[in-house]
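Participant: I need the structure of the sequence given here:
(one chain, ligands or ions: 2)
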Amino acid sequence: MAVCPTDCFYKTDDGIVLHDKDLCIGCGYCLYACPFGAPQFPQQDAFGERGKMDKCTFCAGGPAESKEEEYEKYGSNRIAEGKLPLCAEMCSTKALLAGDAQDVADIFRQRVVHRGHKDGAWSNNPQASADNLAYDAAHKG
Ligand code: SF4
Ligand code: SF4
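Facilitator: Ligands and ions are numbered 1, 2, ... in the order given. Just a heads-up that it's a prediction; the model follows:
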C-alpha cells in the first residue's frame, strides 16, 4: 500500500495482502487510504493511543519467527493448514466465499443464473431466470 511510510504491506504468492506489525508505527494513513476499510485500529485507550494497525489477514497469518508468535500477532494461519478463512467456513448461507478467484466467480455466476438478478438475488421470477440462462448460454460459446 503506497501510503505506508514504513512499507508494512506485502503480497504473498497467493495474492493475499498482509502487513508487518513490527514495522507499523500506527500513523493511520492506511485507515484513510483503503477504500474497503480493511485496516482498523484494534483499540483506543484513554489518551488516544491506538497501537499498531490491524487488518483482516484472510486467515493467512503474518511475518513472525515462530508459529506461536504468528498466532499471537496475527491469529490463526488457516491458509498454511490448507483450510478456508474462518468466516467463509462458518458462514451459514455461504454468502462469504473464499478461494481461487475464477472458482468464486463461477459460483456467483451460477447463483445469478439460478436465482435471477433483475428482480434481486432471491427472485423466483421465471422470466428473469430465463433471461439469465439465455445470457449464460450466449456467453459460454
Ligand atoms: S498505520 Fe501502520 S500499516 Fe498503516 S500506514 Fe501507518 S505505518 Fe503503515
Ligand atoms: S476470519 Fe475472515 S475476516 Fe477474520 S481474519 Fe479470517 S478471513 Fe479475515
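
Participant: Read off the pLDDT value for Asp136.
Facilitator: Per-residue pLDDT puts Asp136 at 51.

Participant: and the residue positioned nearest the centre of the chain, helix, strand or coil?
Facilitator: By CA atoms, centre = their mean, the chain has its centre lying nearest to Phe58, at 5.5 Å. With DSSP: H, G, I helix; E, B strand; the rest coil as the basis, Phe58 sits in coil.

Participant: Next, work out how far apart it and Val113 are.
Facilitator: Using CB to CB, to the nearest Å, one obtains 28 Å as the distance from Phe58 to Val113. No exception for glycine: its C-beta is placed from N, CA and C like everyone else's.

Participant: show me what contacts Leu23?
Facilitator: Contacts for Leu23 (CB atoms under 8 Å, 6 or more residues apart in numbering) come out as 6-8.

Participant: three-state assignment of it?
Facilitator: Under three-state DSSP, Leu23 falls in the coil class.

Participant: gap between it and Lys52?
Facilitator: With CB to CB as the criterion, Leu23 and Lys52 are 9 Å apart.
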